[in-house]
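# Any chance you can model this:
(one chain, ligands or ions: 2)
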Amino acid sequence: MSTQQITQELRQWIIAQATAGQAPEAVLKSMLASGWNEDVAVAALEDTLNGFLAGHAQANGLPPPVVVPEPVLVEGAVALQAGDREVQVLATLRGPRVVVFGGLLSHDECDEMVELARTRLTRSETVQLDTGGNEINTARTSDGMFFAREENPLCTRIETRIAALLNWPLENGEGLQVLRYRPGAEYKPHYDYFDPAQPGTANILKRGGQRVASVVMYLNTPARGGGTTFPDVNLEVGPIKGNAVFFSYDRPHPMTRTLHGGAPVLEGEKWVATKWLREGRFE
Ligand code: PD2
Ligand code: ZN
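Ligands and ions are numbered 1, 2, ... in the order given. This is a model prediction of the structure:
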């Protein structure tokens, strides 16, 4: 029965079922019961519902989804090869997409990154969205600096590793940002994408398009505090030297549930390096 066709009638029936509140599993079950082949039924459901949702999103002013970086995780594997280094997969979440990596950086790489950044730190600025410029922001009480992409051999090695880990071109990445938090410092919850409603955003997007993913790498283990939090899903990632948290956002919208923050450091210092990945080439 390989000749079953996904007709317009079938699509309309699927949409009617879905808008009447039937779960996709229930619709699939009825299709199988009335003689549809499983592969045809699944394809018809996926295609019809995806198209329907995309149309709904567009009609309601939601930005359309884009392809985002994603590690190739072999089912059941606890590690993966990221170019020159094997990296552990410590935790994964689907919505929001979050993956916690163990040992993305060696301890020596962390120490070297801190020393390269230390003398260049200034009080952190965040992008000022109404003008597109940078300004001091009290929501982020850390000190920071940016490396240019491939500025030195260590940056190049880490950037090449992240590109391999996430299947995303090195050219689509911003330069690494290093932040130092002293006791009491924090980064209040925010989104890393640029808010489309802000007037400065159009200018920022000319260079590489939207941010679509972030990798926050822990360069030391603070004595207490300093986790990375995801308030929408009550997740907190412990800041452990060499580990990293990756998260992606397929559209610049809170529906991605990628609100995240750096919890206050309670004791000691916290150092991180952040890599932001853009949709396109960031030149
Ligand atoms: O340092 C962190 O944990 C953190 C939290 C939220 C870093 C960032 N955001 C960032 O660099 O965007
Ligand atoms: Zn952030």
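# From residue 249, how far out is residue 213?
Distance, residue 213 to residue 249, by C-beta to C-beta, to the nearest Å: 7 Å. All C-beta spots, glycine's among them, are computed from the backbone N, C-alpha and C.
# okay, and the common contacts of those two?
Common neighbours of residue 213 and residue 249 are listed as residue 68 (criterion: C-beta atoms under 8 Å, 6 or more residues apart in numbering).
# which SS state does residue 72 fall under?
Judged by DSSP: H, G, I helix; E, B strand; the rest coil, the three-state class of residue 72 is coil.
# And residue 3, by the same measure?
Quick answer, by three-state DSSP: residue 3 is coil.
# Which positions in the stretch 51-200 of the chain make contact with ligand 1?
179, 187, 192 (C-beta under 6 Å from any ligand atom).
# Which one of the residues you listed is nearest to residue 276?
Among these, residue 192 lies closest to residue 276 (C-beta to C-beta), at 6.3 Å.
# distance of residue 262 from residue 239?
Taking C-beta to C-beta, one finds residue 262 at 8 Å from residue 239.
# follow-up on the earlier one: out of the residues of the stretch 51-200 of the chain next to ligand 1, name the ones that lie in strands.
Within those, residues falling in strands by DSSP state E are 179, 187.
# Could you report the neighbour count for the residue of the stretch 1-150 of the chain found nearest ligand 1?
Closest to ligand 1 within the stretch 1-150 of the chain is residue 142: 7.4 Å, counting by C-beta to the nearest ligand atom. Neighbour count for residue 142, taken as other C-beta atoms under 10 Å: 21.
# Quick check: neighbours shared by residue 262 and residue 239?
Common neighbours of residue 262 and residue 239 (C-beta under 8 Å, 6+ apart) are 226-228, 270, 272.
# Would you mind listing the residues in contact with residue 84?
Counting by C-beta under 8 Å, 6+ apart, residue 84 has contacts 157, 160-161.
# Next, format the residues of the stretch 51-200 of the chain next to ligand 1 as CSV and append neighbour count and pLDDT.
CSV is the format used below for these (neighbours: other C-beta atoms under 10 Å; pLDDT from 0 to 100):
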residue, neighbour count, pLDDT
179, 22, 97
187, 27, 95
192, 19, 98
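# Looking at the residues of the stretch 51-200 of the chain next to ligand 1, spot the one nearest residue 55.
The closest of those, once distances to residue 55 are taken by C-beta to C-beta, is residue 192, at 27.8 Å.
# which ones are touching the closest one?
211, 214, 249, 258, 260, 276.
# let's see 6 Å
211, 214 (C-beta atoms under 6 Å, 6 or more residues apart in numbering).
# Can you give me the separation between it and residue 174?
10 Å.
# Over to residue 151?
12 Å.
# So for these two, which residue has more residues nearby?
Taking neighbours as other C-beta under 10 Å, residue 151 and residue 174 compare with residue 174 leading, 19 against 14.
# Make sure that one is actually in contact with residue 276.
Yes. Here residue 174 reaches residue 276: they are 4.6 Å apart, a contact under C-beta atoms under 6 Å.
# Skipping adjacent residues, who's closest to the closest residue to ligand 1 within the stretch 51-200 of the chain in space?
Residue of the stretch 51-200 of the chain nearest ligand 1, by C-beta to the nearest ligand atom: residue 187 (4.5 Å). Spatial nearest neighbour of residue 187, excluding adjacent residues (C-beta to C-beta, 6 or more residues apart in numbering): residue 262 at 3.5 Å.
# ok, what's across the strand from that neighbour?
Per DSSP bridges, the residues bridged to residue 262 are residue 187, residue 228.
# pLDDT below threshold where in the chain?
Along the chain, segments meeting pLDDT under 70 span 1-2, 125-139.
# now for the helix ranked longest in the chain, which elements pack on it?
Determined from DSSP state H, the single longest helix within the chain is helix 38-59. In terms of contacts (3 or more C-beta pairs under 6 Å, 6 or more residues apart in numbering; DSSP states H and E), helix 38-59 is packed against helix 8-19, helix 24-33.
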